[in-house]
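S.K.: here are the coordinates; sequence isn't available:
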């Protein structure tokens, strides 16, 4: 009889230990879920803050680009006028090359402006 009683106590202790392990596992899982939710909220909050900062930076970049363009446009116009004068004095074959180079420069300039202003938008 005593062996049955000892066996029952051991059995009960093992069951209790099993329940404790399962309970601890459930608690650990719930804590992990709570931490996951907290991290998700933190990431969302930081993402919103980053979006605001990026938007502000884009606005500032657009202002800087506009200021630079305003200052450079008169210089570019003067250079273009002088190139027109030089181009008119060149032989036809050289004139064609200069025209092609100027066209390529304009296209490159337009692409750069478009890229910068697109990034600032």
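M.R.: Received, thanks. Computed from a predicted structure; not experimentally measured.
S.K.: the strand or helix carrying residue 46 packs against which elements?
M.R.: Under the criterion of DSSP states H and E, residue 46 resides in helix 2-89. Packing partners of helix 2-89 (3 or more C-beta pairs under 8 Å, 6 or more residues apart in numbering; DSSP states H and E): helix 92-120. In short, each C-beta sits where N, CA and C put it, glycine included.
S.K.: low-confidence stretches in the chain?
M.R.: For the chain, applying pLDDT under 70 flags the ranges 1, 119-121.
S.K.: picking up where we left off before, tell me the angle the helix holding residue 46 makes with helix 92-120.
M.R.: Interaxial angle, helix 2-89 versus helix 92-120 (axes from the mean of the first three to the mean of the last three C-alpha atoms, to 10 degrees): 150 degrees.
S.K.: please shift the residue numbers so they start at 33 in all later answers.
M.R.: Got it, first residue is 33 now, which makes that one helix 34-121.
S.K.: how distant is helix 34-121 from the center of its chain?
M.R.: From the chain centre to the centre of helix 34-121 is a distance of 10 Å (C-alpha atoms, centre = their mean, to the nearest Å).
S.K.: correct me if wrong: residue 119 contacts residue 131.
M.R.: Yes. Using C-beta atoms under 8 Å, residue 119 is in contact with residue 131, at 6.9 Å.
S.K.: count residues in the vicinity of residue 99, would you?
M.R.: If you count neighbours by other C-beta atoms under 10 Å, residue 99 ends up with 10.
S.K.: contacts only, for it.
M.R.: Residue 99 makes contact with no residue, according to C-beta atoms under 8 Å, 6 or more residues apart in numbering.
S.K.: how near is it to residue 62?
M.R.: Applying C-beta to C-beta, to the nearest Å, the value for residue 99 to residue 62 is 56 Å.
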